[in-house]
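Asks: Sharing a model prediction with you, sequence too.
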Amino acid sequence: MKWVKITDQCSYFSASVNIGYIESNGKGLLIDAGIDDQAAKKVLKTLMEENKPITSLFLTHAHSDHFGGAAFLQKKVPHVKTYAPSFEEAIMRNPRLEPIYLFQGNEPIASLRNKFLEGPTVDIDEVCDEGKMNIGGLDVMLHSFPGHSYNQLGLEYDDILYAADSYFSVETLIKHRIPFQVDALSTKQSLEKLLTLHVKGAVPGHGEYDEQFQTTVDENIRLHEEILQDIVHCLESEGGTMSQDDLLQRMFQKKNIKLNQLSAYLLYRTAVLAFVSELVKKEILEFCIIDYKIYLTQK
């Protein structure tokens, strides 16, 4: 983990999951908390060694790699005030909800109740939505970036955007091939929104600070459209109708995604079905039931 300074007030801890930090007028705001206690402990140790304040915590969305260390921070810094987006905060208060929805609403089996899918319960002091807001004494602008998660918020301060997982670095896209999301249409709209923002630079949740982040956003959009086209081509190759399970298998094979754990399968299934849902909303595909199985067919 490396502490990277961007401006006099804005910085971030560069790691597999970035943690933002803003300091101004004796106030210290952390943006996200890492996946677990160890990630949060490293940040806390560095800030204490540098005699830097921690007065508030903003959690961008309810995925455990971003809020898993929050409970530890709240325990070690009991005065810290925690903020989170509406709806997302409900999952952080009840983190079992993530493995529940990934498991199609069923009570999740033991292997799905791990730190990657279910972080520790977080106490949220104040719920946020898009717009100008004072967080812990700092006047910030919150931007709505749904798609990757239900009500993800990015935070802008001092002309720097902490973009959360509204977009991914090129390296992350190459690694995962099909980026996780719950609503692909909203993801596309969030990506397009990013291109309209006038900021000096952006810190993604995964990747490095970039003043030319628009180029990376463009690559996210290109991949987004490619995945939609891949799904349509899969159906066309089968005469326009294909079972949901066969489509999932074909997409995983096409993208050379190796799946040997149930949790990974469920995450990728959610991502692919998010793209399928976009095509359904656009009336390009529709769901149907044939011989007791879920099928997709071209309209």
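Replies: Okay, I see it. Keep in mind the model is a prediction, meaning the values are calculated, not measured. Numbers count the residues shown, from 1 in each chain.
Asks: From now on I want contacts and neighbour counts done on CA atoms only, so please keep to that.
Replies: Will do.
Asks: So in that sheet, which strands flank the helix or strand hosting Tyr162, and in what orientation?
Replies: Element membership for Tyr162 (DSSP states H and E) is strand 160-164. Its sheet considered, strand 160-164 pairs with strand 153-157 (antiparallel), strand 201-204 (parallel) by DSSP bridges.
Asks: Figure out how far the helix or strand where Ala40 lies is from the centre of its chain.
Replies: In this structure, Ala40 sits in helix 37-49 according to DSSP H and E. With C-alpha atoms, centre = their mean, to the nearest Å as the basis, helix 37-49 stands 22 Å off its chain's centre.
Asks: Ok, stretch 117-125 next?
Replies: The mean C-alpha position of stretch 117-125 is separated from the chain mean by 15 Å, C-alpha atoms, centre = their mean.
Asks: cool, and stretch 275-287?
Replies: Distance, centroid of stretch 275-287 to centroid of chain: 22 Å (C-alpha atoms, centre = their mean).
Asks: cool, stretch 72-87 as well?
Replies: 19 Å.
Asks: what's the first-to-last distance across it?
Replies: Chord length of stretch 72-87, first to last residue, is 22 Å (C-alpha to C-alpha, to the nearest Å).
Asks: Repeat that for stretch 141-159.
Replies: Stretch 141-159 end-to-end distance (C-alpha to C-alpha) = 10 Å.
Asks: Over to stretch 156-171?
Replies: End residues of stretch 156-171 are separated by 24 Å (C-alpha to C-alpha).
Asks: about what we covered before: looking at the strands paired with strand 160-164, which is closest to Lys193?
Replies: Distance to Lys193, taken as C-alpha to C-alpha, is lowest for strand 153-157 among those, at 11.6 Å.
Asks: residues making contact with that closest one?
Replies: The contact list for strand 153-157, computed with C-alpha atoms under 8 Å, 6 or more residues apart in numbering, reads 10, 60-61, 85, 129-130, 139-146, 161-164, 166.
Asks: Quick one: mean pLDDT for that strand?
Replies: In this model, strand 153-157 has an average pLDDT of 98.
Asks: With stretch 49-68 instead?
Replies: Averaged over stretch 49-68, pLDDT sits at 97.
Asks: distance between the ends of that stretch?
Replies: Start to finish, the residues bounding stretch 49-68 are 23 Å apart (C-alpha to C-alpha).
Asks: thinking again about what came up before, same for the helix holding Ala40, what does it pack against?
Replies: Taking 3 or more C-alpha pairs under 8 Å, 6 or more residues apart in numbering; DSSP states H and E as contact, the helices and strands that helix 37-49 lies on are helix 70-76.
Asks: List the buried residues of the helix it packs on.
Replies: Ala70, Ala71, Phe72, Leu73, Gln74 (16 or more other C-alpha atoms under 10 Å).
Asks: Mind listing residues that contact the helix or strand following it?
Replies: Next in sequence after helix 70-76, counting helices and strands by DSSP H and E, comes strand 81-85. Contacts to strand 81-85, defined as C-alpha under 8 Å, 6+ apart, come from residues 55-61, 123-129, 135-136, 151-153.
Asks: Mind doing that once more with 7 Å?
Replies: 55-61, 124-129, 151-153 (C-alpha atoms under 7 Å, 6 or more residues apart in numbering).
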